[in-house]
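[1] All I have is the shape, not the residue letters:
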């Protein structure tokens, strides 16, 4: 484990795993959590700390990965883990990183780079904790990674809709009725794009999906190696809230990428780089129709052809109209484009 | 007996709506029969998770006073009827709010009834159900477990068949007429459902279970930490890191000693170690880290940690290398790899028999595509409908090599 030279921003240098056979055997988040059958978020926890290694502190805001993982005086965590309040994954990450730095400076702790990862769900991160995460991403002198595991609802408390719930989905708060079919009419937030666009000194933002385990782990390793505050958004199929046979968890993750609904990319020092199946789409491979993804889930079972078309049109827009396809929803004015082109 | 207490033991989320319909149906049927009733869930089961056993309760009493007396309890300590809507729960339950394994008949009173939906033979079920120190009755409704999800319900009449059976078991509290009237009033009721309830009433199979019968195994339990052993604040000791399987090879993680997934599972993977290509996918994609790495590079699903989700079968690139098989056909939780290492021929025979039983490998664990439940229910409802074959070992098989 090499270290970068300056003390203040020293990070662990975590080289990417070159293929699945090179992945470390050790588990730092192990069996015996009380998650659902086929829980992708539990898989994200496992892969996240497998990638970061043993010298890691994990902080978790309230949500499934807190409640189901540390219930009744038991835990599956091997690395140190601490609970933090629903909206405070950002504050907890920053505070822990600052605390470690202070203890090391005062000589109360051996000086070494320790990974600090705070995870949050979509409710805790994209809704309640957005302000604190945003603040943390401006503190460039502290190394911390915030990982948003996005199962598209408040899944722990039995599926209330969040700002990340997709259009039209059936949740406890948006049951389709006879008179009104679509109750949830808002389009999902674009978290990773928002974090990347809004925080010029955050050096690394990525989107991941645990269906692509090695790539997912390598993004975590990259974020921790680069240092400073970093952000990763993970899309996690949820058998409970999305209503599907748990066996399909992996396949639905793949479909979310192949339909172009959830793009895989990283933004390192302001440069956008697509990867995996998303890169293939950017390079011209056809996207699968979103209906293949939607109709495998009970939460969209009430969709009519019209709804499916609307959904497809919205996804098409992100690819065809956005200036940086599927990443940032800006569009240049034609006049501006003309002016820039002639310059 | 002036009150009848029922518990419904079910698979979390998969059968949440089913259980809610049953207990509400009991209460409304009680009113229609001139009795009083109440239904409630068990607080400790919330928030529910797919597959983790959970309970709902329904109490019916002759008078309001008796009902109130029964309502004053946090949850019933004993029940007259234990309703079990998935027969793999016969092996016992480890719910959210419990340490160790509870026999399924633990709360059933002497001479009470365990009412179960099952297509298994009674003798097979009694191999799973733990022995009880008092006789009780085992009543069976011949049906497959009804699994669906939170939003799309599988209308296979299980709820009304349970209600019809209850009218037979506790006629002084729920009359068949009361049950039929209640079903008619429910938003999910229909004339066909009333017929189903009547058929269940007429066809209920009941058998006395003697104290000598049942699984003699002592239910899995462990020493719980004492309050004086707990640390200051709310700190919990972390799990130690694991170690190699043997001779420095392989890897077996340490696991949470206080929560095992033996009864969370309704299916389990059966592995063909001879065709395994050691691709690592089952191991890396398992959300429960249940796969131990063996010294030869194959992967053994550890039954204390496997919750039966089936992701391993879905990601395995080799056809029938991993096959999910219904939990009811297994006798123990022993290591498959050790069995294979000891005698490859015997293992092959065992494995072929397990994965060859179509009834045990057909899977219906929730929504796979729109219109699936209707397809599953095309044939007659008395046998629980036709078997669904999509993806079992299925739609994923197209990616696999033989």
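    On my side now, so go ahead. Here the structure is a predicted model, which means the values were calculated and not measured.
[2] Give me the residue ranges of chain B where confidence is low.
    Counting by pLDDT under 70, chain B contains low-confidence ranges at B:1, B:379-399, B:401-402.
[3] Which parts of it belong to which domain?
    Chain B breaks down into these domains under automatic domain parsing: B:3-209, B:235-399.
[4] how about those domains, which one is nearest chain A?
    Nearest to chain A, of all the domains of chain B, is domain B:235-399, at 2.3 Å by Cβ to the nearest Cβ. Backbone N, C-alpha and C define where each C-beta goes, glycine included.
[5] mind listing the strands for chain A?
    A:56-61, A:81-84, A:115-121, A:144-150, A:204-208, A:229-235, A:265-268, A:271-274 (DSSP state E).
[6] cool, and the stretch 251-400 of chain B?
    B:267-271, B:291-293, B:299-301, B:322-326 (DSSP state E, counting those that start in this stretch).
[7] For residue 167, give me its contacts.
    Picking chain A for this. Counting by Cβ atoms under 8 Å, 6 or more residues apart in numbering or on different chains, residue A:167 touches A:182, A:184-188, A:310-311, A:314.
[8] um, chain B though
    B:29, B:174-176, B:178-179, B:197, B:201.
[9] Just name the closest of the residues you listed to residue B:287, please.
    Here the nearest of these to residue B:287, counting by Cβ to Cβ, is residue B:197; it sits at 39.3 Å.
[10] So the closest one is in contact with residue B:179, correct?
    Yes: under the criterion of Cβ atoms under 8 Å, residue B:197 makes contact with residue B:179 at 5.7 Å.
[11] ok, these two, which is more surrounded?
    Shown here are residue B:197 and residue B:179; by other Cβ atoms under 10 Å in any protein chain shown, residue B:179 has more neighbours (30 against 27).
[12] which SS class is the more buried one?
    With DSSP: H, G, I helix; E, B strand; the rest coil as the basis, residue B:179 sits in helix.
[13] ok, and the closest non-adjacent residue to the residue of the stretch 51-200 of chain A found nearest chain B?
    Nearest to chain B, among the residues of the stretch 51-200 of chain A, is residue A:74, at 4.0 Å (Cβ to the nearest Cβ). Closest residue in space to residue A:74, ignoring its immediate chain neighbours: residue B:258 at 4.0 Å, by Cβ to Cβ, 6 or more residues apart in numbering or on different chains.
[14] Equivalent analysis for residue A:62, please.
    Closest to residue A:62 by Cβ to Cβ, 6+ apart is residue A:86, at 4.3 Å.
[15] go on, residue A:16?
    residue A:218 (4.1 Å).
[16] Can you report how many residues neighbour that neighbour?
    Residues lying near residue A:218 (other Cβ under 10 Å) number 22.
[17] ranges for the helices of the stretch 101-250 of chain A?
    Counting by DSSP state H, counting those that start in this stretch, the stretch 101-250 of chain A has these helices, from start to end: A:122, A:130-136, A:191-198, A:213-226, A:239-242, A:249-258.
[18] who wins for proximity to residue B:213 among the ones you listed?
    Nearest of the helices of the stretch 101-250 of chain A (Cβ to Cβ): helix A:239-242, 36.8 Å.
[19] Just send the strands of the stretch 251-400 of chain B back as CSV, with distance to chain A and mean neighbour count too.
    Below are those laid out as CSV (distance: least, Cβ to the nearest Cβ, whole Å; neighbours: other Cβ atoms under 10 Å in any protein chain shown):
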stretch, distance to chain A, mean neighbour count
strand B:267-271, 9, 26
strand B:291-293, 6, 23
strand B:299-301, 11, 25
strand B:322-326, 7, 24
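[20] what's the most centrally placed residue in chain B in contact with, if anything?
    The geometric centre of chain B, computed from its C-alpha atoms, lies nearest to residue B:89 (Cα atoms, centre = their mean), at 3.9 Å. Counting by Cβ under 8 Å, 6+ apart, residue B:89 makes contact with B:9-11, B:53, B:104, B:263.
[21] how does it look with 7 Å?
    For residue B:89, the contact set (Cβ atoms under 7 Å, 6 or more residues apart in numbering or on different chains) comprises B:9, B:53, B:104, B:263.
[22] Which among those residues count as buried?
    In those, burial by neighbour count holds for B:9, B:53, B:104, B:263, counting by 16 or more other Cβ atoms under 10 Å in any protein chain shown.
[23] ok, residues contacting the helix or strand hosting residue B:68?
    Per DSSP states H and E: residue B:68 is located in helix B:64-71. Helix B:64-71 is contacted from outside by B:2-3, B:5, B:36, B:38, B:59, B:61, using Cβ under 7 Å, 6+ apart.
[24] Write out the residues of the stretch 301-402 of chain B neighbouring chain A.
    B:305, B:307-311, B:313-315, B:365-370 (Cβ under 7 Å from any Cβ of the partner chain).
[25] so which pair among these is furthest apart in space?
    Across these, the longest distance by Cβ to Cβ is 33.3 Å; it joins B:305 and B:370.
[26] Comparing those two, which residue is more hemmed in?
    Neighbours per residue (other Cβ under 10 Å) separate residue B:305 from residue B:370, with residue B:305 holding more: 26 against 18.
[27] quick revisit: could you check the domains of chain B and tell me which one is nearest residue A:304?
    Of all the domains of chain B, domain B:235-399 sits nearest to residue A:304, with 11.3 Å by Cβ to Cβ.
[28] Name all residues that make contact with residue A:107.
    By Cβ under 7 Å, 6+ apart, the contact set of residue A:107 is empty.
[29] neighbours of the closest residue to residue B:214 other than its chain neighbours, just the number please.
    Distances taken as Cβ to Cβ, 6+ apart place residue B:131 nearest to residue B:214, at 3.7 Å, with adjacent residues excluded. Residue B:131: 17 surrounding residues under other Cβ under 10 Å.
[30] One more: residue A:189?
    Neighbour count for residue A:189, taken as other Cβ under 10 Å: 17.
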